[in-house]
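>>> build me a structure from this.
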Amino acid sequence: MTQKKITIIGGSGGMGKVFGRYFKRHGFEVTIYARNKERLKAVATEVGVYYEFSLEKSVKQADIVMVTIPIKSTPDMIKKIGPYLKENALIFDITSIKKAVFEALEDLKNTFPVNCISLHPMFGPGIKDMKNYVIIVLKIGGTDKYDVIINNLLDMFRSDGLIITETSPDIHDKRVALTLGVPHMLNILFLNLLKNANEPLNELTKYTGTTFLLQKVFAESIIQREMEMFGEIQMENQQFLTILEMFEKLLKKYRKSIENKDMKGFNEIFSQGLDYSKEDNHFENSYKYFYEFMKILKGK
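As a prediction, the model looks like this:
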């Protein structure tokens, strides 16, 4: 890439560190900015990048500005730094919800001579290698140099094996509500249901089969992460309330079939899930994958 200076706002967080290391590895001069000065300095030393206490100074000379802060704060941050950006700078966020952020970036590129794109990496800060992971891209627009600048960035991602998926804000938010919000919700409720049954997990594990053990591991891995992030992904996504309504109707239908011992009704729900699953490319090997996971858990 021709742009070689990047500032990461929120650079002391998990994803800030991931991308700080990533851009440094690609020869960028990386500067990070965050509100907590002690943590900012510590992370800059850990990652081996520069830091800046002034928001304005941190972005003024940057060729690229990346915003990785809480979802609710991102649109306001985009508006705030707009006047500081230099001509033809590229700015992007990595939030999990796109409607408000997309609108803020559109306003920005209509007001200032900058280039805007919105990204959503479908991986977390624990990642070691980006190969074969998905990064969702929403192109927004900018100056007459937009295509060259954006393609340089995306080509760099592709060179490291990232899979680029382009979409729009509405499609993104609906699908992310299903692929992130729903699994988070189900696993949070799974653990709370067990707790409400007043059964210690260690005792339940003595009675476990493969299905429970794998579900428990998924749930425990999720519940250890940032509560605020999971809350925002569900609360700030307008599409998630619609999905919750669907879930409530489905749960009522499921309960009714159980209460009435209605095997026909139960079979209808079961078969609909089965038929839907058959469309998936992983369907035929899913049982094999299941036991591969179990081998890892059992240490074999």
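
>>> state the phi and psi torsions of Glu236.
Dihedral pair for Glu236: phi -90, psi -10, per degrees, to the nearest 10.

>>> surely it is in contact with Ile97?
Yes: counting by Cβ atoms under 8 Å, Glu236 touches Ile97, with 5.2 Å between them. Glycine gets a C-beta too; all of them are placed from N, C-alpha and C.

>>> quick one: the helix or strand harbouring Phe293 to chain centroid distance?
In the assignment (DSSP states H and E), Phe293 maps to helix 286-298. Relative to its chain's centre, helix 286-298 lies at 25 Å (Cα atoms, centre = their mean, to the nearest Å).

>>> list the buried ones in that helix?
When neighbours are counted by 16 or more other Cβ atoms under 10 Å, no buried residue of helix 286-298 is found.

>>> contacts for that helix next, please.
Thr210, Leu213, Leu214, Val217, Ser277, Asp280, His282 (Cβ atoms under 8 Å, 6 or more residues apart in numbering).

>>> wait, what's in contact with the last one?
Looking back up the chat, that one is His282. Contacts of His282 (Cβ under 8 Å, 6+ apart): Tyr289.

>>> where do the strands sit along the stretch 51-200 of the chain?
With DSSP state E, counting those that start in this stretch, the ranges of strands along the stretch 51-200 of the chain come out as 64-67, 90-93, 115-121, 134-141, 163-166.

>>> now the stretch 201-300 of the chain
Using DSSP E, counting those that start in this stretch, strands in the stretch 201-300 of the chain do not occur.

>>> where does the prediction get shaky in it?
The model of the stretch 201-300 of the chain has pLDDT under 70 over residues 300.

>>> any idea how far stretch 104-120 is from the middle of the chain?
For stretch 104-120, the distance to the chain centre is 20 Å (Cα atoms, centre = their mean).

>>> how much space separates Gln215 from Thr208?
9 Å (Cβ to Cβ, to the nearest Å).

>>> between these two, which contacts overlap?
Joint contacts of Gln215 and Thr208 (Cβ under 8 Å, 6+ apart) do not exist.

>>> for Pro169, the count of nearby residues, please.
18 (other Cβ atoms under 10 Å).

>>> and the one 5 residues further on, by the same measure?
By the criterion of other Cβ under 10 Å, Lys174 has 17 neighbours.

>>> what sits against it?
Gln239.

>>> what does the pLDDT read for it?
In this model, Lys174 is scored at 95, pLDDT.

>>> check Gly126 too.
For Gly126, the model assigns a pLDDT of 84.

>>> same check on the one 3 residues further on?
For Asp129, the pLDDT comes out at 87.

>>> residues in contact with the nearest residue to it once chain neighbours are set aside?
Spatial nearest neighbour of Asp129, chain neighbours left out: Gly161 (7.8 Å); criterion: Cβ to Cβ, 6 or more residues apart in numbering. Each residue near Gly161 by Cβ under 8 Å, 6+ apart is listed here: Asp129, Met130, Lys131, Asn132, Tyr133.

>>> what do Glu236 and Ile97 both touch?
With Cβ under 8 Å, 6+ apart, Glu236 and Ile97 have common neighbours Ile71.

>>> the more surrounded of those two?
Ile97 (27 against 17).

>>> the more buried one and Gly231 touch, don't they?
No: Ile97 is beyond contact range of Gly231, at 11.9 Å (criterion: Cβ under 8 Å).

>>> tell me where the chain has helices.
For the chain, the helices defined by DSSP state H cover 14-25, 37-47, 55-60, 74-81, 99-111, 146-159, 169-176, 182-196, 201-205, 210-223, 227-235, 238-259, 263-277, 286-298.

>>> distance to Ile140 added to these, as JSON lines?
Converted to JSON lines, those look like this (distance: least, Cβ to Cβ, whole Å):
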{"stretch": "helix 14-25", "distance to Ile140": "19"}
{"stretch": "helix 37-47", "distance to Ile140": "28"}
{"stretch": "helix 55-60", "distance to Ile140": "18"}
{"stretch": "helix 74-81", "distance to Ile140": "11"}
{"stretch": "helix 99-111", "distance to Ile140": "5"}
{"stretch": "helix 146-159", "distance to Ile140": "9"}
{"stretch": "helix 169-176", "distance to Ile140": "10"}
{"stretch": "helix 182-196", "distance to Ile140": "27"}
{"stretch": "helix 201-205", "distance to Ile140": "45"}
{"stretch": "helix 210-223", "distance to Ile140": "31"}
{"stretch": "helix 227-235", "distance to Ile140": "22"}
{"stretch": "helix 238-259", "distance to Ile140": "20"}
{"stretch": "helix 263-277", "distance to Ile140": "33"}
{"stretch": "helix 286-298", "distance to Ile140": "37"}
